[in-house]
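Visitor: Need a 3D model of the following:
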Amino acid sequence: MYKNLAAVITAACFLSPLSHLVANAAQPAASSGNKPVKAAFIYVTPVFEAGWTHQHDEGRKAVEKALGNSVKTTVVENVAEGADSERVVRDLAQQGHDIIFTTSFGYMEPTLKVAKEFPNVKFESITGYKTDVNVSVANARYYEGRYLAGVAAGRLTQSNVAGYVAGFPIPEVLQGLNAFTLGMRSVNPQAQVKVVWLNAWFDPAKERDAAMTLFNQSVDVITFHTATNAVMVAAQERGKMAIAYHSDMRQVAPDAQLMAVKHEWGNYYTQRVQDVQNGLWRTGNVSGGLKEGMIRVGDFGPKMSNQVRNEIQQIQKDIVQGKRQIFQGPITDNEGKSVVAAGQALTPVQILKMNFLVTGVVGKATP
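Guide: Reported below is the predicted structural model:
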């Protein structure tokens, strides 16, 4: 998804509200005589029925539905990060695409390199952080949904131990893991979260094995930050509770799924394609969350009580209205060091640089 994030992200990284970009995303462009915008999407895995890539492809389909004949989309899936992705990005630019969405962090540097060769092509680096005159970046505040999932886990666990299967200890993953733990311990101060690092995003066998290992260590509720539904399948088989990520996964875990934390790209992608069509595209750095509808929680399963559901929905309102901040002090890391003082909160740039694990996480921020 978004591999090997450098330890330092410059303070020049800026975050823009999503609302100004998506307010009119569902309105097709008025022009009918212009050539359709050619939009390309590069995916790091195949398109499955659920998961990271599935959500991005749903966003692409939303573009087609909203804009009709005024857009033509191209998909290249299962593209490895690194040299292979550079080749694919360049090929798509040479083929005359007007805008190219590269949907994995490891695509960031290849995208920037190719963008300099094709100044008239617009590039969207999803989960990246470096911009250029023709390279914009976008991400979502996944950690807002993770906090709500943690509240659910904290209320419903019987063992007070949750599991977290994760790919790499980059800031985005640490944000989600920490938010989940903070949410869980906000309602269950004795709760612990055991993390297993896979050093991979897409490895269903390793994801499954990690889940089974955690279930053997008193974990009765689990979630993950990897690309497939393997953890959900394992939870269903073992009769455990699980929180889906990226997509609704009740199809494979009808009994296990408590809820899902989903990301929605359709409005953003549609607006950016329209911006190209109307000559309004500008570079930027967008981060959208619950308020903007870029992160959604729901798809509750049979083990989710109405009481906990109502509690989650109320906390969600508080987050959207700015009454609750996820990384509000006092917060200590899992080695006892203060990382956020009482009365303080992490800034967006500090969140982007996150490199610690909060109290309650059993493990280290290394694979």
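Visitor: From here on, just use CA atoms for contacts and neighbour counts.
Guide: Will do.
Visitor: Ile243 and Val297: what is the separation?
Guide: 10 Å (CA to CA, to the nearest Å).
Visitor: Gly51 contacts His246, correct?
Guide: Yes. The pair Gly51 / His246 is scored as a contact, 5.0 Å apart, by CA atoms under 8 Å.
Visitor: So for the two, which residue has more residues nearby?
Guide: His246 (26 against 23; other CA atoms under 10 Å).
Visitor: on that earlier part again, and Ile243 and Val297? Which one has more around it.
Guide: More crowded of Ile243 and Val297, by other CA under 10 Å: Ile243, with 29 against 24.
Visitor: The more buried one pairs with what?
Guide: Beta bridges link Ile243 to Met259, judged by DSSP bridges.
Visitor: about what we covered before: name the residues contacting each of Ile243 and Val297.
Guide: Met259, Ala260, Val261 (CA atoms under 8 Å, 6 or more residues apart in numbering).
Visitor: need the contact list for the first one.
Guide: The one in question is Met259. Going by CA under 8 Å, 6+ apart, the list of residues near Met259 reads Ala149, Ala242, Ile243, Ala244, Asp248, Val297, Gly298, Asp299, Phe300, Gly301, Met304.
Visitor: How about the fourth one, nearest residue that isn't a chain neighbour?
Guide: It stands for Ala244. Sequence neighbours aside, Ala260 is the residue nearest to Ala244 in space, at 4.4 Å (criterion: CA to CA, 6 or more residues apart in numbering).
Visitor: What about that neighbour, how many residues nearby?
Guide: 25.
Visitor: List the residues that contact it.
Guide: Residues near Ala260 by CA under 8 Å, 6+ apart: Ala149, Ile243, Ala244, Tyr245, His246, Ser247, Asp248, Met249, Val297, Gly298, Asp299, Phe300.
Visitor: how close does it get to His246?
Guide: Taking CA to CA, one finds Ala260 at 7 Å from His246.
Visitor: ok, the contacts of Met259 vs Asp91, which is closest?
Guide: Using CA to CA, Asp248 comes nearest to Asp91 of the contacts of Met259, at 33.6 Å.
Visitor: correct me, but the closest one touches Asp299?
Guide: Yes. Using CA under 8 Å, Asp248 is in contact with Asp299, at 6.2 Å.
Visitor: Who has more neighbours out of these two?
Guide: A direct count of neighbours by other CA under 10 Å for Asp248 and Asp299 places Asp248 higher, at 23 against 17.
Visitor: Quick check: the more buried one is in a helix.
Guide: No. Asp248: not assigned to a helix; according to DSSP: H, G, I helix; E, B strand; the rest coil it is coil.
Visitor: per-residue pLDDT, it?
Guide: Asp248 is assigned 93 on the pLDDT scale.
Visitor: and what of Asn139?
Guide: With respect to pLDDT, Asn139 has a value of 90.
Visitor: try Glu207
Guide: 97.
Visitor: since we're on it, how many residues are nearby?
Guide: Residues near Glu207, counting by other CA under 10 Å: 28.
Visitor: Contact partners for the residue nearest the centre of the chain?
Guide: Nearest to the geometric centre of the chain sits Tyr142, at 5.0 Å (CA atoms, centre = their mean). Listed by CA under 8 Å, 6+ apart, the contact set of Tyr142 reads Gly176, Val261, His263, Gly289, Ile295.
Visitor: Give me the phi and psi for the second one.
Guide: Just to be clear, that refers to Val261. The phi/psi pair for Val261 (degrees, to the nearest 10) reads phi -110, psi 110.
Visitor: my read: it touches Ser247, true?
Guide: Yes. Taking CA under 8 Å as the definition, Val261 is a contact partner of Ser247 at 6.9 Å.
Visitor: shared neighbours of the two, anything?
Guide: By CA under 8 Å, 6+ apart, no residue touches both Val261 and Ser247.
Visitor: which residues of the stretch 201-350 of the chain fall in strands?
Guide: Taking DSSP state E, counting those that start in this stretch to define them, one finds strands in the stretch 201-350 of the chain at 221-225, 241-246, 257-263, 285-288, 295-298, 331-332, 338-340.
Visitor: Okay, the residue nearest to Asp275 when sequence neighbours are not counted and Asn120: tell me how far apart.
Guide: Nearest non-adjacent residue to Asp275, counting by CA to CA, 6+ apart: Trp281, 4.5 Å away. From Trp281 across to Asn120, the span is 11 Å (CA to CA).
Visitor: likewise Asn306?
Guide: With CA to CA as the criterion, Asn306 and Asn120 are 52 Å apart.
Visitor: Same drill for these two, tell me which one is more crowded.
Guide: Per other CA under 10 Å, whichever of Asn306 and Asn120 has more neighbours is Asn120, with 15 against 11.
Visitor: Good, wrapping up.
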